[in-house]
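S.K.: Build me a model:
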Amino acid sequence: MSIFKKPKGNEHLATKESANTVSKPVSKTESATNIFGRHKPSKKPSMELKPSMELFEESNGKTPHSKTEQKKRFFSKPEMRHKAPLTKKQIIQKLEKRKIRRHLLKYYLQKCGFETEPESVRDKLLITSAIIAFIASTFYGGYLVAHGASVITGITIFFTLLIVGFVVLYLLIFFGIFIVLDFTMFKRKSELESVLADFLQLTSANVHAGMTLDKALWYAVRPRFGVLAKEIESVAKETASGTPLEESLRKFASKYHSTVLQSSVSLIIEGLEAGGEMGPLLNRIASNIKENQLMVREMAANVSTYTIFISAATIFAAPLLMALSYQLLIVINKLSLAIEMPTTTSALQSLPVAFSKVNITPSQFRIFAIICLSVTSLFSAMMVSIIKSGDIRASLKNIVVFIVATLAIFLLMSLALRGVFSTFF
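M.R.: Numbering: from 1, shown residues only. Okay, here's the model as predicted:
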């Protein structure tokens, strides 16, 4: 005899219904919640809403709009526009932008090899900007008061310069720090990629000799590898202390903003996990890196004509034309002062050439020429750097060389043309 009593009549039906409700799976739309923590409404309207919908139709005499149209009309109201829910993709994008802004300085410091915390850098930057702004505003306010300005005017100018100077200095120094870090990061990346292929070939030879991968990496280190040698030494130390080789390699690759290094490390880790032969894999990676570097050099050699043309036009042609224009302006000013112009209108009309007053002085034109040549040299150096290596940061020294050479040739040409024109005028 069973210890469970079988239900009778309606009780039996009730148990069946309850069993059906328990065993019935919950749909995704009913169980899933949206990102704001509210349950998503079901697609089918409930039975309790039907009378209210009928009353709505009877009272207005119009059929209700669809759900999408109701949402559009609801959120198109001015008072409800700010309450429109964001999609999941928009929220993720906002969070990523906020995270990038928050950790941008930390990312640059990490890729440049600095272990300084971003908070300490910001604090030092704030203190430095405040001190410089305070000193500059104090001296300028005191100078104005000493030369006859009122005390109230000096205090007003002091606080104005203090606030404005602090903000401007903070932004300028912060921007300058990012420029320096960006160039440092690119320099570290270039140094590492230039010796990575040779290092992988030595490691492949060690693996073919019978060494394990961690020992092969350690014995492939050479002093000429520079920063790569130091990084591999730290990887070997971490591996010897018990850290898995895959984890040490991932940590090493995350320190550099290099796609070549990250791809190479990823292939090495995949080879380790798959259990394949590491010697041929390392040799193939090294050969691919060298092929890419050779391709870049060939492309730079093919467009060397453009770099020569841009360099010659910027360093020689532009300063020569500016110096010639400068000397012609001086000559025209001398001639306009030396020639006695007639005062009558009939006499002026009889002249074959019409003379007018020169509205620009030679000193003003000289300042304009220096600024124009400096800007032209800056952008020309950037163009040459992009054509040769594909990146502006690859030839930072070219910018200084172009500007200095252009201005020096302009001054020399001005002196030479002055000597030539002085013999005639």
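S.K.: Flag the shaky bits of the stretch 51-200 of the chain, pLDDT-wise.
M.R.: Confidence mapping of the stretch 51-200 of the chain against pLDDT under 70 gives the ranges 51-102.
S.K.: just checking, what's the longest helix in this protein?
M.R.: In the chain, with assignment by DSSP state H, the single longest helix is helix 151-208.
S.K.: Give me the helices and strands touching it, please.
M.R.: helix 88-111, helix 118-146, helix 213-219, helix 227-240, helix 259-274, helix 278-302 (3 or more C-beta pairs under 8 Å, 6 or more residues apart in numbering; DSSP states H and E). Yep, even glycine has a C-beta here, placed from its N, CA and C like the rest.
S.K.: Can you point out the buried residues in the fourth one?
M.R.: Neighbour counts using 16 or more other C-beta atoms under 10 Å place 227-228, 231-232, 235-236, 238-239 of helix 227-240 among the buried residues.
S.K.: what domains does the record give for this structure?
M.R.: Split into domains by automatic domain parsing, the chain comes to 92-185, 188-299, 303-339+354-422.
S.K.: just how off-centre is the longest one within its chain?
M.R.: This points to domain 188-299. 28 Å (C-alpha atoms, centre = their mean, to the nearest Å).
S.K.: ditto for the last one
M.R.: Using C-alpha atoms, centre = their mean, the mean C-alpha position of domain 303-339+354-422 is found 32 Å from that of the whole chain.
S.K.: average model confidence for it?
M.R.: For domain 303-339+354-422, mean pLDDT is 85.
S.K.: Quick one: end-to-end length of it, please.
M.R.: Counting by C-alpha to C-alpha, to the nearest Å, you get 43 Å between the two ends of domain 303-339+354-422.
S.K.: For the residue positioned nearest the centre of the chain, list the residues it contacts.
M.R.: Closest to where the C-alpha atoms of the chain average out (C-alpha atoms, centre = their mean) is Asp182, at 8.6 Å. Taking C-beta atoms under 8 Å, 6 or more residues apart in numbering, we find Asp182 in contact with 108, 393.
S.K.: Could you report the separation of it from Ala229?
M.R.: 24 Å (C-beta to C-beta, to the nearest Å).
S.K.: what's the most buried one of the helices and strands packed on helix 151-208?
M.R.: Ranked by mean neighbour count, these are led by helix 213-219 with a mean of 19 (mean count of other C-beta atoms under 10 Å).
S.K.: Around Thr212, count how many other residues there are.
M.R.: Neighbour count of Thr212, defined by other C-beta atoms under 10 Å: 13.
S.K.: Can you tell me how far it is from Thr203?
M.R.: Counting by C-beta to C-beta - Thr212 and Thr203 are separated by 11 Å.
S.K.: go on, Lys334?
M.R.: 74 Å.
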